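K.L.:
build the 3D model from these lines:
(2 chains)
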Amino acid sequence: MTAQSMGQSPPTPDRSERARQATHVALAVTCLVDLFRPRVGFAAVTLLEAAGCAVSVPDGQTCCGQPAQNAGRAADAADLARRAMALYGGFDAVVVPSGSCAGTMRRHYAGFFPAGSEERAAAQDLARRTYELSEFLALRGAAVRARFDGRVTLHDSCSCRRDMGLHGEPRQMLAGVAGLELCEIADGEECCGFGGTFAVKNPDVSLNMAGSKLDAAEATQAGAVVAADLGCLLHLAGAARRQGRPLRFFHIAEVLAGQTCDAGTGIGEDGGDD
Amino acid sequence: MTEAPTAALGAAPGPLRQRQPHPDAQAPLAFGAHAREALANANLQRALHHVKEGFQDKRLAAMDRLPEFDALRDAARDIKDHVLAHLDIYLERFATAVEARGGHVHWARDAAEARAMVLDICRRENARTVTKGKSMVAEEIGLNPFLEENGIEPVETDLGEYIVQLRGETPSHIIAPAIHVVKEEIADAFRREHEGLAPERDLTDRRALLDEARVVLRRRYFQADVGITGANFLVAETGSGVIVTNEGNGDMTRTLPRVHVALATIEKIVPTLDDLAVLLRVLARSATGQDFSTYTTVYTGARRPDDPDGPEAFHVVLLDNGRSALLGGELREVLRCIRCGACMNHCPVYQRVGGHAYGWVYPGPIGAIMTPALTAIATSHPLPNASTLCGRCEEVCPVRIPLPKLLRYWRTEAAAAGLPPLAERLGLTLWAWLARRPALYRLAVRQIARRLKARAGDRGALRRLPLMGGWAGHWLQGRDLPAPQGRSFMDQWRAQKKGTRL
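P.N.:
Next up is the predicted model:
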């Protein structure tokens, strides 16, 4: 399925052009990566630097505000959006290792502010410069120098697929990983059941959805599930771990940066990282 | 529009079957508890399996046959938006056209008025039995129990709706009311309710069930004094109503009794027959994946002198019931809905819990938006939260209703009214306070990372936490929590940067 057939606009030349020409890039590391999986952040830095970008990690970043938005806390969400708009103001591009956080910044911030306001304009400006990591690398034509031996399935998060309209971009990047065999999951357009606070507000349904997704992942015979969103991955890895399923879980940045080969433990695996 | 139930085997009805919540109910809808029951109901789970092949795959195939489908969706959206912007004009035009053809228009502000109007018409006809074509509006106003209380017997003629009526239930889907019922449960209901049904009669397959229902319903059509149908659309230029079915029951309900009452809400108006054609093209494809429904009936006025058949009198009850209040507000787009059911057919939550878990007339994503609008957010706030906001509903909506946006709208209203549980409100307030203060936020993240990591040790995930209540408990109920790797990214990054500077 293409982005167009899903009702999304294809990447404009402007967006690709901007990605290719960006030199000074901000990494919005995301609150989940910051807390749970710093390695994803470092992988993102490595990938961006290898793609010729000067990477900054603005110090004041905390969270994009999506949990507030989805909980209906409009004032909190708008405040956190204002902070992000100020923090990422001067960069050629803002790259996020998450379709969900990138989607919030790109697709939702503008709606937090009244039409015609300066803040709406600033949000739209940030939206134009915001990219999900694999999208940015793909648009930039970044080379992949990683190896991963084995079958992998890619879980498209709903925010990557629908908010961001991404489909080919992460696949294009994974296709460059030596030894990696990508197999498509059945019903790939179906949500994994994470949904932010949905996972804890409706745990029974959420876990049932995780079960379906994990069944579909196992049916591909892939040993590992890769995704661009740590939220989905924590949810799926946690459920797989509890159910004793042997699947491994990696963020796409880890795979693209070649951090999965040697000492790399998957999400939720034993091994005592760091 | 209807679809014969396609469900497979099963036995005892689940705990959800008698639920018939009333819009005025005071207690919040217990979606979580209903969902848990639904997931544990083996029959329901088996029945719901048909949603995918019955609806999703067929819709996809129908779309593939029509390259201009997306353009048609835009056109359908534009027609609905145009009507909603000029609703007063088109309603008047419709009423004038109905009256010009000898029909009667009744304007009902709310459910009580609509019920009273229908009863009044029935009483004037001395009606004892009314047949009903499928109508979600009749469900919305609680028409069947009201007619029964007043000594009039309503008989549902849509097969799914008939099954649901025999079982004492409400529809669990807007176009497939009995989607939650498996075949054996239908046979049980027929054996229980159909007088004179021979015990040895085989009711094991769909054909046999259909034949049995047909024999009983045929008789009922001829007994009825009044026929009540809904309307998929009302055409302003001609004063016509339109019903779309796959069983033809709507035609029989309309044509055979002396009086036809059409029950419809005000947003069902379309300006012209040409507009109708556009909407019909997206409706059937989105609903059942058919290019066109089996029966599409355009009914206009009462029987004219040279008509071979038709009702002697024709009434339209036009119901507002809160819709005009939505016209100028942020929920306006919900009035575009043409009730195809695609949002529920593609909702991963609906697919798992079925329609009854939503606790009111309209289930699924559209129901989670309509229910608070037509009842009260104070009692229905769990519904807008019964979604991962995955966006698939919006992706398939034939009139491009931005359902996730509207679900968020209700979450915002609920939060502003202080409806979420106290622990959630306090937790999110603290979190939002910290997220505005990066230094304190880092400190908090550092503590959480350190503690979780220490607790996990060499294990990569946590199975238990000291505080198992609330959200932590809900996460851990069936999932481990992958442990933080160690120090947070921001801490490590800052340390590295200091190192390089030195």
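K.L.:
so what's the residue nearest to residue B:59 when sequence neighbours are not counted up against?
P.N.:
Nearest-residue entry for residue B:59: residue B:289, 4.4 Å, with adjacent residues in sequence omitted and distances by Cβ to Cβ, 6 or more residues apart in numbering or on different chains. Any C-beta I mention is one placed from the backbone N, CA and C, and that applies to glycine too. Under the criterion of Cβ atoms under 8 Å, 6 or more residues apart in numbering or on different chains, the contact partners of residue B:289 comprise B:55, B:57-62.
K.L.:
which residue does chain A have closest to chain B?
P.N.:
For chain A, the residue closest to chain B is residue A:195, as judged by Cβ to the nearest Cβ, at 2.8 Å.
K.L.:
contact partners for that residue?
P.N.:
Taking Cβ under 8 Å, 6+ apart as the definition, contacts of residue A:195 comprise A:206, B:387-390.
K.L.:
taking the contacts of residue B:289 one by one, which sit in helices?
P.N.:
Under the assignment DSSP state H, the contacts of residue B:289 contribute B:57-62 to helices.
K.L.:
residue at max distance from the center of chain A?
P.N.:
Using Cα atoms, centre = their mean, the residue of chain A lying farthest from its centre is residue A:116. It sits 30.1 Å away.
K.L.:
so how far is chain A from the residue nearest to residue B:59?
P.N.:
Using Cβ to the nearest Cβ, to the nearest Å, one obtains 16 Å as the distance from residue B:289 to chain A.
K.L.:
now residue B:38
P.N.:
Remark: distance between residue B:38 and chain A (Cβ to the nearest Cβ) = 9 Å.
K.L.:
double-check that that residue belongs to a helix.
P.N.:
Yes: per DSSP: H, G, I helix; E, B strand; the rest coil, residue B:38 lies within a helix segment.
K.L.:
what's the closest non-adjacent residue to it?
P.N.:
Sequence neighbours aside, residue B:353 is the residue nearest to residue B:38 in space, at 4.1 Å (criterion: Cβ to Cβ, 6+ apart).
K.L.:
pretty sure that neighbour sits against residue B:35.
P.N.:
Yes: with the criterion set as Cβ atoms under 8 Å, residue B:353 and residue B:35 qualify as a contacting pair; they are 4.5 Å apart.
K.L.:
okay, and the common contacts of these two?
P.N.:
Counting by Cβ under 8 Å, 6+ apart, the residues touching both residue B:353 and residue B:35 are residue A:205.
K.L.:
which one's more surrounded, the two?
P.N.:
Under the neighbour definition other Cβ atoms under 10 Å in any protein chain shown, residue B:353 and residue B:35 were set side by side, and residue B:353 has more, 32 against 24.
K.L.:
could you measure from that one over to residue B:224?
P.N.:
Residue B:353 sits 35 Å away from residue B:224, taking Cβ to Cβ, to the nearest Å as the criterion.
K.L.:
can you tell me what sits against stretch A:106-122?
P.N.:
Contacts made with stretch A:106-122 from outside it, assessed by Cβ under 8 Å, 6+ apart, are listed as A:66, A:69, A:74, A:77-78, A:81-82, A:84-85, A:89, A:123-124, A:126-127, A:130, A:163-164, B:405.
K.L.:
neighbours around the closest residue to residue B:396 other than its chain neighbours, how many?
P.N.:
Spatial nearest neighbour of residue B:396, chain neighbours left out: residue B:342 (4.4 Å); criterion: Cβ to Cβ, 6+ apart. Burial of residue B:342, expressed as a neighbour count using other Cβ under 10 Å, amounts to 29.
K.L.:
name all residues that make contact with residue A:242.
P.N.:
For residue A:242, the contacting residues are B:463, B:478-480, by Cβ under 8 Å, 6+ apart.
K.L.:
ah, wrong one, I meant residue B:489
P.N.:
Residue B:489 sits next to A:29, A:33-34, A:38, A:40-42 when contact means Cβ under 8 Å, 6+ apart.
K.L.:
show me which of those residues neighbour chain B.
P.N.:
The subset of those within reach of chain B, by Cβ under 8 Å from any Cβ of the partner chain, is A:29, A:33-34, A:38, A:40-42.
K.L.:
which of the residues you listed tops the neighbour count?
P.N.:
Each of the ones next to chain B among the contacts of residue B:489 was scored by neighbour count (other Cβ under 10 Å); the top score is that of residue A:40, with 30 neighbours.
K.L.:
near chain A, anything from stretch B:320-335?
P.N.:
No: on the criterion Cβ under 8 Å from any Cβ, stretch B:320-335 is out of touch with chain A, staying 11.2 Å away.
K.L.:
and that stretch, how far from the chain's centre?
P.N.:
Computed by Cα atoms, centre = their mean, to the nearest Å, the chain-centroid distance of stretch B:320-335 equals 17 Å.
K.L.:
got the end-to-end distance for that stretch?
P.N.:
End-to-end distance of stretch B:320-335: 11 Å, with Cα to Cα, to the nearest Å as the criterion.
K.L.:
any chance of the ones next to chain B among the contacts of residue B:489 in JSON lines with pLDDT as columns?
P.N.:
JSON lines is the format used below for the ones next to chain B among the contacts of residue B:489 (pLDDT from 0 to 100):
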{"residue": "A:29", "pLDDT": "98"}
{"residue": "A:33", "pLDDT": "98"}
{"residue": "A:34", "pLDDT": "98"}
{"residue": "A:38", "pLDDT": "96"}
{"residue": "A:40", "pLDDT": "97"}
{"residue": "A:41", "pLDDT": "97"}
{"residue": "A:42", "pLDDT": "97"}
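K.L.:
in helices, which of those appear?
P.N.:
The helices in this structure, assigned by DSSP H, contain A:33-34, A:38, A:40-42 from the ones next to chain B among the contacts of residue B:489.
K.L.:
and whichever residue of the stretch 301-450 of chain B sits closest to chain A, what does it touch?
P.N.:
Closest approach between the stretch 301-450 of chain B and chain A, counting by Cβ to the nearest Cβ: residue B:388, at 2.8 Å. With contact taken as Cβ under 8 Å, 6+ apart, residue B:388 is in contact with A:158, A:191, A:193-196, A:198, A:206, A:209, B:348-349.
K.L.:
the residue nearest to residue B:59: what secondary structure?
P.N.:
Look at residue B:289: counting by three-state DSSP, its state is coil.
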